[in-house]
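Peer 1: model this:
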Amino acid sequence: MNLTTIPLRKQNAAALGVYFILSVVSIVASAQVDEPIQYAIKYKFVHVDDTTKPTIPVRSSMLLQVSKSNSRYGTMRHADDFDKARSNQNNLSAAAKTAQSVVGEPLAIVPLNPLESETIYQLGSKKLLVKLTIIFAQEYIVEQAAPVFNWRILPEQKKIGNYVCQKAAGTFAGRNYTAWFAPALPFSVGPWKLGGLPGLILEAADQKNQVQFLFDGFQETGGYLNTAKIGFRPVKITEKQLQKAKSQFEKDPGQTAQSMLRSGDDAKVSVVYQGYNGELLSEKDAQKLLEAQRKKTINNPIELLKL
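Peer 2: Next up, the predicted model:
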């Protein structure tokens, strides 16, 4: 594989040696504001983003981590990175050494799957919903007021895992959802941006089953959820500005990388890209994948209406 090698200042090389989890290193700071993670719920996320190909939906394993006041939702792999960062105060230098042993210099692995670069925080204490997105070496934060859901709690019940769940129906972002929440788990959150019920949402789907969050069990809990400082050095922007930044990266990931990294002395970092199935790609192959993705028909985004 041909790696893209970019000059980098020595003091920044270690920071880019990590599996692009710059957003997680902030967890090691301000330990006194951490809240213990009380529950970690696994979901199978299914999204028919192209209605002309309903048998080929987007699929991913997601994890919702819940503390007393807040929650964090992202891919299983991304959540693992958060936990590794929290457990190792020196994770940046450790990751850089690991990468260096592979290619002889720090390695930056940039995920191309949008789900891998996005984390959703529900901050109950602040009544905020925060989306943290990483585009190459830059973190972006988009904040909005916590959504208000007009749920109707219905009489039907069913057992999910070991919990008796109650049915609820409501509308969010242009879709009509059915949700199943567990009153025995008194957390008013759920997967993705869903929440607002008197119990944790263990399953949810829109009425056409084009968007589904399917319960996939509980993960053993451990660690802490820090929301006092989300991200490492994030830039707070609007959703419109975020979409523009994503578009620029997709058009030319190599140039975006060059613009984010400053040239310096002989310290270097190698940049490779991670495909949707976890495979490592050169910049040339990454551009091909992104080009194919741009041509893909996405006529059914998860949010039909932007709030």
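
Peer 1: so Thr119 sits right up against Leu64, yeah?
Peer 2: No. The criterion here is CB atoms under 8 Å, and Thr119 misses it with Leu64 at 11.0 Å. Backbone N, C-alpha and C define where each C-beta goes, glycine included.

Peer 1: bridging residues for Glu143?
Peer 2: Val130 (DSSP bridges).

Peer 1: now the stretch 51-200 of the chain, which segments are flagged as low pLDDT?
Peer 2: Within the stretch 51-200 of the chain, the segments meeting pLDDT under 70 span 77-109, 115.

Peer 1: What segments of it are strands?
Peer 2: Here the stretch 51-200 of the chain has its strands, by DSSP state E, counting those that start in this stretch, at 58-66, 70-75, 107-111, 118-123, 128-135, 138-145, 152-160, 163-172, 175-182, 200-206.

Peer 1: follow-up on the earlier one: the more surrounded of Thr119 and Leu64?
Peer 2: Each of Thr119 and Leu64 has its neighbours counted (other CB atoms under 10 Å); Leu64 has more, 27 against 23.

Peer 1: how about the more buried one, what does it touch?
Peer 2: Leu64 makes contact with Tyr39, Ala40, Ile41, Tyr43, Ser71, Arg72, Tyr73, Val189, Gly190, Pro191, according to CB atoms under 8 Å, 6 or more residues apart in numbering.

Peer 1: hmm, try it at 7 Å
Peer 2: When contacts are counted by CB atoms under 7 Å, 6 or more residues apart in numbering, Leu64 touches Ile41, Tyr43, Ser71, Tyr73, Pro191.

Peer 1: what's the answer for Lys167, then?
Peer 2: Listed by CB under 7 Å, 6+ apart, the contact set of Lys167 reads Leu154, Glu156, Gln157, Thr178, Trp180.

Peer 1: ok, the third one to Ala184 distance?
Peer 2: Distance, Gln157 to Ala184, by CB to CB, to the nearest Å: 12 Å.

Peer 1: Could you do the first one as well?
Peer 2: Here Leu154 is placed at a distance of 18 Å from Ala184 (CB to CB).

Peer 1: could the strands of the stretch 51-200 of the chain go into a markdown table alongside distance to Lys295?
Peer 2: Output for the strands of the stretch 51-200 of the chain, formatted as a markdown table (distance: least, CB to CB, whole Å):
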| stretch | distance to Lys295 |
| --- | --- |
| strand 58-66 | 16 |
| strand 70-75 | 24 |
| strand 107-111 | 20 |
| strand 118-123 | 22 |
| strand 128-135 | 20 |
| strand 138-145 | 25 |
| strand 152-160 | 39 |
| strand 163-172 | 29 |
| strand 175-182 | 26 |
| strand 200-206 | 26 |
